[in-house]
Structures are given as C-alpha cells and as structure tokens.
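1. Below: sequence and its predicted model.
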Amino acid sequence: MYFFSADHHFYHKNIIKYVNRPFESIEHMHDELIKRHNSVVRKEDTVIIAGDFSLASTRITRRVIIPQLNGTLVFLKGCHDKWLANKYRDIWRRRLDSNYVIVCHYCLRTWPSSHYNSWHLYAHSHGRLDSIGKSMDIGVDTHDFYPYSFDEIKEIMANKPDNPNLIRR
C-alpha cells in the first residue's frame, strides 16, 4: 500500500503557533505525529513524504525520528530539509493502478501529464491553498495529522473536476 504525507516539521517548535496546530508542546506534536503515522502505516507499506519533514540535523532525523516510523519512507525535498543533502529529488512520479501520480512539495499550476488528467499531490501550504482539478494538499495539517492512503486519495480524486488543461479526445 502507498501512503502520502508532508509538512511534519519535526523539531520546528514555531510551527505549532504558525499554523495553529492543536499540540501543547513540540514533544506532544512529535508523539502524536509518530503515533498517528504508525496507526495506519504498516512496516511493508511505502510512504512518499513531500518535504518539510524535519528541521533537525541529519543525525537526529535519521537516528531518532525515522526509526520510529513504519514503512519504507521516500523523501522529497521541501524548503526545510537541509538534512537530506542534494541527492534527493524534488518530484516523484509513478503510475498507480491506472492513475499517473505526480508528487512535489510545491503546488504546481500544471504538472507532467496534467493535460491527460494526471494527479498532483503537493504540500507547503498547510491547507491554505485551494486545489485545482485533480490536485490536492497532502500535508499532515489537512488530514488530522495522519498520512493519506492511496485508497483515500482515489476517493477524493473521483469527486474532483478534471484538470483545467485536459485535452479531450
């Protein structure tokens, strides 16, 4: 099973205030993010994380946070991911079932194959940016701090309008 998530902001104490997260402290936020992730993601699942995962050092992120999370984690760069270094990509693309899925930290106005109704999953805006067509914000702030399963995304996309640049054949 695939899951999608973003904008965890581990070790970013001001994120609680900036986006009005319902946590008493950064420790409380960390505990809840980990608990909610592990309540739906199994060890054999794959989780695409579209950036802004951690503001901590590489050592803390890799030795303290990541080992606590279920699944194979695939990281994309966001604007707070210095711990990733330069070898990580900005965009993830894959055909899942019959859907072409594009994931990027930033919301794109058009994206690869958008004219064929591909799906775009983005983050960065913490639920404050309206989507267009077959796009959606997958940040934790938009889903009660849980990752989205691919099945949930399929249900959501089924009710979204076509992409504005769809080529009708």
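-> Thanks, I have the structure now.

2. Mind naming the longest helix for the protein?
-> The helix that spans the most residues within the chain, counting by DSSP state H, is helix 26-40.

3. List the buried residues of that one.
-> Neighbour-count burial for helix 26-40, counted by 16 or more other Cβ atoms under 10 Å, picks out I26, M29, H30, E32, L33, I34, R36, H37, V40. Just so you know, the C-beta spots here come from the backbone N, C-alpha and C atoms, and that holds for glycine as well.

4. residues making contact with the helix or strand of the chain with the lowest mean pLDDT?
-> When each helix and strand of the chain is scored by mean pLDDT, DSSP states H and E, helix 58-60 comes last, with a mean of 91. Helix 58-60 has contacts (Cβ atoms under 8 Å, 6 or more residues apart in numbering) with Y11, S54, W83, L84, A85.

5. What subset of those is buried?
-> Buried members of the contacts of helix 58-60, scored by 16+ other Cβ under 10 Å, are Y11, S54, W83, L84.

6. Could you dump those into a markdown table and include pLDDT?
-> Listed next are those as a markdown table, based on pLDDT from 0 to 100:
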| residue | pLDDT |
| --- | --- |
| Y11 | 96 |
| S54 | 95 |
| W83 | 85 |
| L84 | 85 |
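
7. on that earlier part again, turn the contacts of helix 58-60 into CSV, columns for secondary structure and distance to D97.
-> Formatted as CSV, the contacts of helix 58-60 follow (DSSP: H, G, I helix; E, B strand; the rest coil; distance: Cβ to Cβ, whole Å):
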residue, secondary structure, distance to D97
Y11, coil, 36
S54, strand, 31
W83, helix, 33
L84, helix, 29
A85, coil, 33
